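**Student:** everything below, folded, please.
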Amino acid sequence: MPISEKAQRAWKAGTAVVTAWTAWYGLFHIDYGPHEHVFSDLQRWYRRKIDSMLGINLDAARQIEQSASSSGDVGQKQPEEAKR
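**Tutor:** This next block holds a predicted model:
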């Protein structure tokens, strides 16, 4: 029994959507390890664009992290056994 034309169109549309999503995810989100790879530049560009759209300032985040690490363990509680 052949598939109707309407079902074939729906199948093709669904396949196109899944293929496009897979390509987008593979290009921008998959972690290929710590070394440089062919998608490194594109992934860095994409992450910078997403950060700017969300209002994330990477330099400010680094300054906050550095100031927290330079001020010591403020706010971190040590277990009682570690103090002894």
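**Student:** number of residues surrounding residue 23?
**Tutor:** Neighbours of residue 23 under the rule other CB atoms under 10 Å: 10. C-beta here means a position set from N, CA and C on the backbone, and glycine is covered the same way.
**Student:** measure it to residue 40 for me?
**Tutor:** 17 Å (CB to CB, to the nearest Å).
**Student:** dump the residue contacts of the residue most central in space within the chain.
**Tutor:** With distances taken as CA atoms, centre = their mean, residue 29 lies nearest the centre of the chain, 5.3 Å away. Each residue near residue 29 by CB atoms under 8 Å, 6 or more residues apart in numbering is listed here: residue 43.
**Student:** now with 10 Å, please.
**Tutor:** Listed by CB atoms under 10 Å, 6 or more residues apart in numbering, the contact set of residue 29 reads 39, 43, 46, 47.
**Student:** mind checking which of these are in helices?
**Tutor:** 43, 46, 47 (DSSP state H).
**Student:** now which of these would you call buried?
**Tutor:** Among the ones in helices among the contacts of residue 29, the ones that count as buried by 16 or more other CB atoms under 10 Å are residue 43.
**Student:** hmm, back to that, can you give me the pLDDT of the residue nearest to the centre of the chain?
**Tutor:** At residue 29, the model reports a pLDDT of 92.
**Student:** could you do residue 17 as well?
**Tutor:** The model's pLDDT for residue 17 equals 98.
**Student:** next one: it from residue 3, what distance?
**Tutor:** Taken as CB to CB, the span from residue 17 to residue 3 is 18 Å.
**Student:** list the helices and strands the strand or helix carrying residue 15 packs on?
**Tutor:** Using DSSP states H and E, residue 15 sits in helix 5-28. On a contact count with 3 or more CB pairs under 10 Å, 6 or more residues apart in numbering; DSSP states H and E, helix 5-28 meets helix 40-54.
**Student:** what is whichever helix or strand comes after the helix it packs on packed up against?
**Tutor:** Sequence-wise, the next helix or strand beyond helix 40-54 is helix 58-70, with elements assigned using DSSP H and E. Where contact means 3+ CB pairs under 10 Å, 6+ apart, helix 58-70 is packed against helix 40-54.
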